[in-house]
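>>> please find the sequence and the predicted model below.
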Amino acid sequence: MHAHDAKPATTPVVSSFTEWDPLEEVVVGRLAGGVFPAWQDSMLATMPEEGVRAFQESGGMPFPADHLAAADAELDGLAATLEARGINVVRPDDVDYGRGFAAPQWQSPGGMSGGMPRDLLIVVGDTIVEAPMSWRCRTHEVDAFRGLIKSYFRRGAGWLAAPRPQLTDELFDGDFDAETEQGYAISEFEPVFDAADFMRFGHDIIVQRSHVTNEFGINWMRRALGPEFRIHEVPVDDPHAMHIDASIVPLAPGKLLVHPERYIPHPLFKDWEILEAPKPVLPSTWPMYFCSPWLSMNVLSLDERTVVVERQEQPMIEALTAWGFDCVPVDFRHVYTFGGSFHCATLDVRRQGSGGRYLG
């Protein structure tokens with residue numbers, strides 16, 4: 001189902017305040033037409049060696065066809081699983097990301113893919129927020145989702161797009177030191193952030209500073225949302241920080257899944273139960289261009305008791321089951337290769353619930 005065919009929904013058409021309230025409507029991404037990102041030096045701080053090599057050699061070239069087809073089949077399987085549970089699923093438009101484009105001071109041989117809507121969009125209350133991403137190749141990635149955003153806007157949703165960044169060399173003049181792994185790859189030249197560095201807890205939102213999200217971007221988001229929402233910056237022990245949703249993942253009020261090495265105890269969560277995620281079981285030989293195997297943490301909550309988990313991550317399934325959750329196993333390893341798992345590959349457009357305060 002394409003964005004412009006989205007079914008009329010109950011009022012409000014867009015409403016999502018948390019990561020765990022009962023899910024009613026969701027966008028599931030598509031990888032078809034995806035290409036390797038074009039290399040830029042700021043990627044060095046976050047990418048595994050396999051990705052660095054692939055981006056430098058193959059930027060703008062199509063992803064491997066067989067693996068891409070298998071990943072898209074897994075995305076279709078996720079969509080079917082959600083629909084079988086009565087959740088309305090919408091899909092982005094198909095886009096050819098192999099077309100090059102240019103700005104006055106730089107050019108890119110192509111884009112990336114439409115597979116990870118959570119990277120570039122976040123729903124805060126009744127508003128869809130469009131992120132100003134710092135990877136040049138992702139400048140037009142939102143085009144695959146523009147049809148659905150316009151459709152939601154016409155039906156009453158809010159639409160907030162951050163200022164379009166120039167992405168000139170000044171932005172990438174950060175203080176990251178590759179030897180010590182200290183500092184950040186981007187400067188404070190202009191506001192940039194990826195939406196996946198934010199995590200929603202009702203009217204409280206946490207965010208991490210990362211190699212794609214700067215203080216300027218966090219402050220823009222804080223002012224744009226206004227005093228109704230409190231944005232809390234939290235430290236994460238991750239020298240390769242890019243997206244918080246494989247480090248800190250709230251599953252229900254008072255229950256927080258965390259990375260055993262990256263999570264730093266914080267007063268905001270003093271009354272929360274903390275579960276350290278078990279070690280992922282992805283084979284070391286599995287191709288991973290973008291991320292670490294800790295995408296096993298990147299789960300999707302359907303409600304306060306139900307979580308979608310990668311089918312072969314048995315330690316994770318056992319840990320969550322013991323913690324009182326019902327796990328929905330779905331095959332997703334091929335999607336892992338292209339930079340995300342269930343949380344990354346979805347955008348929860350509508351959940352039940354109206355916000356509230358859960359932190360501090």
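Structure received.
>>> and residue 355, what does it touch?
17-18, 125, 202-203 (Cβ atoms under 8 Å, 6 or more residues apart in numbering). (Each C-beta comes from the backbone N, C-alpha and C, glycine too.)
>>> where's it relative to residue 17, distance?
Using Cβ to Cβ, to the nearest Å, residue 355 is found at 4 Å from residue 17.
>>> shared neighbours, those two?
Contacts common to residue 355 and residue 17, judged by Cβ under 8 Å, 6+ apart, are 125, 202-203.
>>> out of those, which one sits closest to residue 232?
residue 203 (11.3 Å; Cβ to Cβ).
>>> can you pull out the strands in the stretch 201-350 of the chain?
For the stretch 201-350 of the chain, the strands defined by DSSP state E, counting those that start in this stretch occupy 204-207, 230-233, 248-252, 255-258, 273-276, 300-303, 306-310, 326-330, 346-351.
>>> who's in contact with residue 141?
97, 111-114, 119-120, 133.
>>> looking at this protein, which residue lies furthest from center?
Taking Cα atoms, centre = their mean, the residue of the chain most remote from its mean C-alpha position is residue 104, at 28.7 Å.
>>> measure that one to residue 34 for me?
For residue 104 relative to residue 34 (Cβ to Cβ), the value is 26 Å.
>>> burial of residue 321, as a residue count?
Neighbour count of residue 321, defined by other Cβ atoms under 10 Å: 13.
>>> that one touches residue 327, doesn't it?
Yes: applying Cβ atoms under 8 Å, one finds residue 321 in contact with residue 327, separated by 5.9 Å.
>>> can you check the pLDDT for residue 84?
pLDDT recorded at residue 84 is 98.
>>> how about the helix or strand of the chain with the lowest mean pLDDT: buried residues?
Within the chain, no helix or strand scores below helix 49-58, which has a mean of 83 by mean pLDDT, DSSP states H and E. Across helix 49-58, burial judged by 16 or more other Cβ atoms under 10 Å covers 51, 54-55, 58.
>>> JSON lines for the contacts of residue 141, including secondary structure?
Listed next are the contacts of residue 141 as JSON lines, based on DSSP: H, G, I helix; E, B strand; the rest coil:
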{"residue": "97", "secondary structure": "coil"}
{"residue": "111", "secondary structure": "coil"}
{"residue": "112", "secondary structure": "coil"}
{"residue": "113", "secondary structure": "coil"}
{"residue": "114", "secondary structure": "strand"}
{"residue": "119", "secondary structure": "helix"}
{"residue": "120", "secondary structure": "helix"}
{"residue": "133", "secondary structure": "coil"}
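>>> would JSON lines of those residues with pLDDT, distance to residue 347 and neighbour count be doable?
Formatted as JSON lines, these follow (pLDDT from 0 to 100; distance: Cβ to Cβ, whole Å; neighbours: other Cβ atoms under 10 Å):
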{"residue": "97", "pLDDT": "95", "distance to residue 347": "18", "neighbour count": "26"}
{"residue": "111", "pLDDT": "96", "distance to residue 347": "18", "neighbour count": "28"}
{"residue": "112", "pLDDT": "96", "distance to residue 347": "16", "neighbour count": "29"}
{"residue": "113", "pLDDT": "96", "distance to residue 347": "15", "neighbour count": "27"}
{"residue": "114", "pLDDT": "97", "distance to residue 347": "11", "neighbour count": "25"}
{"residue": "119", "pLDDT": "97", "distance to residue 347": "10", "neighbour count": "27"}
{"residue": "120", "pLDDT": "97", "distance to residue 347": "9", "neighbour count": "21"}
{"residue": "133", "pLDDT": "96", "distance to residue 347": "15", "neighbour count": "24"}
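>>> if I look at the nearest residue to residue 235 once chain neighbours are set aside, how far off is residue 208?
Computed as Cβ to Cβ, 6 or more residues apart in numbering, the closest residue to residue 235 that is not its neighbour in sequence is residue 264, at 5.1 Å. Going from residue 264 to residue 208 by Cβ to Cβ gives 10 Å.
>>> what is in contact with the two at once?
With Cβ under 8 Å, 6+ apart, residue 264 and residue 208 have common neighbours 234-236.
>>> just the buried members of those residues?
By 16+ other Cβ under 10 Å, these give 234, 236 as buried.
>>> and residue 143, how many neighbours?
14.
>>> helix or strand: which one has the closest residue to it other than its chain neighbours?
Nearest residue to residue 143, sequence neighbours excluded (Cβ to Cβ, 6+ apart): residue 95, at 5.6 Å. Under the assignment given by DSSP states H and E, residue 95 is not contained in any helix or strand.
>>> distance of residue 95 from residue 140?
8 Å.
>>> same question for residue 107.
Counting by Cβ to Cβ, the gap from residue 107 to residue 140 is 13 Å.
>>> which one's more surrounded, these two?
Legend: neighbour count by other Cβ under 10 Å for residue 107 and residue 140, higher for residue 140 (16 against 11).
>>> so the more buried one touches residue 111, yeah?
Yes: contact criterion Cβ under 8 Å: residue 140 and residue 111 qualify, at 5.8 Å.
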